[in-house]
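>>> Sequence first, then the predicted structure, then my questions.
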Amino acid sequence: MSSKEKSSAVAGSGAALVPKLRFPEFEERDGWKEIPLQKLARPVTDRATTGDADNVLSLSGEHGLVLQSEYFGKKIAGDSTDRYLKIRKDDFVYNDRTTKASSFGTIKRLSAHAGGIVSPIYKCFRFQSSENPAFWEWYFESGSHDPALGGLVNEGARAGRFNISVTQFLSTSAWRPDEAEQKKIADCLDSADALISAQGRKVEALRAHKKGLMQQLFPRPERVENGIKIPAETQPRLRFPEFEGAGEWEPRTVGSVCTSFSGGTPNTSNPEFYGGDIPFIRSAEIGKETTELFLTRAGLENSAAKLVKKGDVLVALYGANSGDVAIGRIAGAINQAILCLRSSENGAFLSHFLTHRKDWIIAKYIQGGQGNLSGEIVKSIGLVFPSPTEQQRIADCLTSLDDLIAAETRKLDTLKTHKKGLMQQLFPQVAEDDA
């Protein structure tokens, strides 16, 4: 009998479950057994003592258990930590507050630190030494325990917290393979995670390299150092060999080298204006190849929306994306939150230059970083331009680096998708009726 057939046979009996994907050496073994967590783990009840106050940990859904002093830059716990729970490496902490990422709360293992103390609002527990803590971390991460927790959720939960005690948590049952299979699964997923981390570091290193390169390839704007105002540079600190000694770059405003326009939004209450074949580009989509919304021809003609071409320089004016710049990758329509720039100079060069200057632009033209840019502000921005040939050389260099970063980011996304698929296959799919 295959693993899939065996899974179907035992799942209905409630006696055992078998994952869809099993390592060859475990193919003929019995299915995973259902067992109450209280037989595998016990509550952690140790209290903080004098000297523990500097090791306060917080639970982050993304980063796990982190030192408050490092994560927040300060300790945010109150002066009294005598009621805090003292945990050690491989202990688990459960926060029963629901989040977008965790419908039934967040469960994390302490793995990055030897120990610490946590708020008594958390539920803490420790597995027996015979259990593999890394396996159980992946078990909870996979969502395999969600059906069991769903059975505990009470209607009196308030403010997104389920009010589940550690005793109630441990009264739930989990599906457990033997120790050898636990280790194999944990090692596999740990390896996948290590690959993801390495790829993530590679992407971040490339981004840092690009940032440093841009600082060298573009002249610096006016700035203040040690209370002294330093004028804007007219030459970069790094030039390609063929342009060394080519002289200063020419000062110009964005408005002097570009034609520009913004768009508008068709009446959202009129269904005849949406659902067509014209991509409707919004500020968070300026560098993307897809859009969430599409306009009809009637929507375009009965609004201030304007058409842009692939290759136009698009600047986000409003909201969280204010100051973002990208080369448009598709033809479509834009709304009022986007400024289109059509340059008589090299568009890719202009896009890279404005991207490099984003922080300076926000600091100079938007008070305290709060507010919006406008077309007039963008057109008034002063930059310096080299010859068209040098513009192209810089644009080609940075665009190639962008392409490399995009390719490595796709690899990172593929690895994350692969790991997610592995987790879905390596753990049995538990229905609420089986929980």
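Happy to help now that I have it.
>>> my read is residue 255 is in a strand, agree?
No. Using DSSP: H, G, I helix; E, B strand; the rest coil, the assignment for residue 255 is helix, not a strand.
>>> Contact partners for it?
378, 379, 380 (C-beta atoms under 8 Å, 6 or more residues apart in numbering). Every residue, glycine included, has its C-beta placed from N, CA and C.
>>> In this structure the first one contacts residue 254, no?
Yes. Under the contact definition of C-beta atoms under 8 Å, residue 378 touches residue 254, with a separation of 5.8 Å.
>>> Overlap in contacts, these two.
Contacts common to residue 378 and residue 254, judged by C-beta under 8 Å, 6+ apart, are residue 341.
>>> Can you tell me the SS state at the nearest residue to residue 357 once chain neighbours are set aside?
Using C-beta to C-beta, 6 or more residues apart in numbering and skipping residues adjacent in sequence, the residue nearest residue 357 is residue 221, 6.6 Å away. Secondary structure assignment for residue 221 (three-state DSSP): coil.
>>> so what pLDDT did residue 221 get?
Note on residue 221: pLDDT of 92.
>>> do the one 10 residues further on as well
Among the per-residue scores, residue 231 holds a pLDDT of 87.
>>> Roughly how far does the nearest residue to it once chain neighbours are set aside sit from residue 92?
Using C-beta to C-beta, 6+ apart and skipping residues adjacent in sequence, the residue nearest residue 231 is residue 222, 5.6 Å away. Separation of residue 222 from residue 92 (C-beta to C-beta, to the nearest Å): 54 Å.
>>> any idea which helix or strand comes after the helix or strand of the chain with the lowest mean pLDDT?
Between all helices and strands in the chain, the lowest mean by mean pLDDT, DSSP states H and E belongs to helix 3-11, at a mean of 40. Using DSSP states H and E, the helix or strand that follows helix 3-11 in sequence is strand 16-17.
>>> What residue in this structure is the furthest from its centre?
The centre of the chain is farthest from one residue, residue 245, which by C-alpha atoms, centre = their mean lies 43.4 Å away.
>>> Parallel or antiparallel, list what pairs with the lengthiest strand in the chain.
What stands out as the longest strand in the chain, according to DSSP state E, is strand 274-281. Looking at strand 274-281 with DSSP bridges, its partner strands are strand 293-295 (antiparallel), strand 332-334 (parallel).
>>> and the closest residue to residue 352 other than its chain neighbours, what is it in contact with?
Among residues not flanking residue 352 along the chain, residue 398 sits closest, at 4.7 Å (C-beta to C-beta, 6+ apart). By C-beta under 8 Å, 6+ apart, residue 398 lies in contact with 210, 213, 214, 217, 348, 352.
>>> got a winner among these for most neighbours?
Among these, residue 352 has the most neighbours (other C-beta atoms under 10 Å), with 26 neighbours.
>>> Go ahead and confirm that residue touches residue 393.
No. At 11.8 Å, residue 352 does not count as touching residue 393 under the criterion of C-beta under 8 Å.
>>> what comes up buried for stretch 195-203?
195, 196, 199, 203 (16 or more other C-beta atoms under 10 Å).
>>> just stretch 173-186 next, same as before
173, 174, 175, 176, 177, 181, 182, 184, 185, 186.
>>> Now do the strands in the stretch 151-300 of the chain.
Assigned by DSSP state E, counting those that start in this stretch, the strands in the stretch 151-300 of the chain fall at 173-176, 223-225, 228-230, 250-253, 258-262, 274-281, 293-295.
>>> so residue 103 is in which element?
Counting by DSSP H and E, residue 103 is found in no helix or strand.
>>> Torsion angles phi and psi at it?
phi -60, psi -30 (degrees, to the nearest 10).
>>> And for residue 131?
Given degrees, to the nearest 10, the pair of backbone angles that residue 131 has is phi -90, psi 150.
>>> Let me see the contact set for the closest residue to it other than its chain neighbours.
In this structure, residue 131 finds its nearest non-sequential neighbour in residue 40, 5.6 Å apart by C-beta to C-beta, 6+ apart. Taking C-beta under 8 Å, 6+ apart, we find residue 40 in contact with 127, 128, 131, 174, 176.
>>> Tell me which two of those sit farthest apart.
128 and 174 (13.1 Å; C-beta to C-beta).
>>> Between the contacts of residue 255, which sits nearest residue 137?
residue 378 (48.3 Å).
>>> So the closest one, which state does it fall into?
Under three-state DSSP, residue 378 comes out as helix.
>>> in the stretch 1-150 of the chain, which spans are strands?
16-17, 32-36, 41-43, 57-60, 64-67, 85-88, 92-95, 106-109, 115-118, 123-127.
>>> what packs against the last one?
Right, the one you point to is strand 123-127. strand 41-43, strand 85-88, strand 92-95, helix 166-170 (3 or more C-beta pairs under 8 Å, 6 or more residues apart in numbering; DSSP states H and E).
>>> Kindly recompute the last result at 10 Å.
strand 41-43, strand 85-88, strand 92-95, strand 106-109, helix 133-141, helix 166-170 (3 or more C-beta pairs under 10 Å, 6 or more residues apart in numbering; DSSP states H and E).
>>> what residues are up against the residue nearest the centre of the chain?
Most central in the chain under C-alpha atoms, centre = their mean is residue 62, positioned 9.0 Å from the mean C-alpha point. Neighbouring residues of residue 62 by C-beta atoms under 10 Å, 6 or more residues apart in numbering: 101, 106.
>>> Neighbours of the residue nearest to residue 86 when sequence neighbours are not counted, how many?
Taking C-beta to C-beta, 6+ apart, and ignoring the residues beside it in sequence, residue 86 has residue 46 as its nearest neighbour in space, at 4.2 Å. Neighbour count for residue 46, taken as other C-beta under 10 Å: 16.
>>> these two touch, right, residue 46 and residue 116?
No. Counting by C-beta atoms under 10 Å, residue 46 does not reach residue 116; the two are 11.6 Å apart.
>>> overlap in contacts of the two?
Joint contacts of residue 46 and residue 116 (C-beta under 10 Å, 6+ apart) are 84, 85, 86, 87, 88, 91.
>>> So what's the residue count around the closest residue to residue 361 other than its chain neighbours?
Spatially, and ignoring its direct neighbours in sequence, residue 361 is nearest to residue 323 (5.8 Å; C-beta to C-beta, 6+ apart). The tally of other residues near residue 323 (other C-beta under 10 Å) stands at 22.
>>> Now residue 323. Its backbone dihedrals?
Dihedral angles (degrees, to the nearest 10) for residue 323: phi 100, psi -10.
>>> Only the buried residues of the helix or strand hosting residue 399, if you could.
For residue 399, the host element (DSSP H and E) is helix 388-426. Using 16+ other C-beta under 10 Å as the burial criterion, the residues of helix 388-426 that qualify are 390-391, 393-395, 397-398, 401-402, 405, 408-409, 412, 415-416, 419, 422-423, 426.
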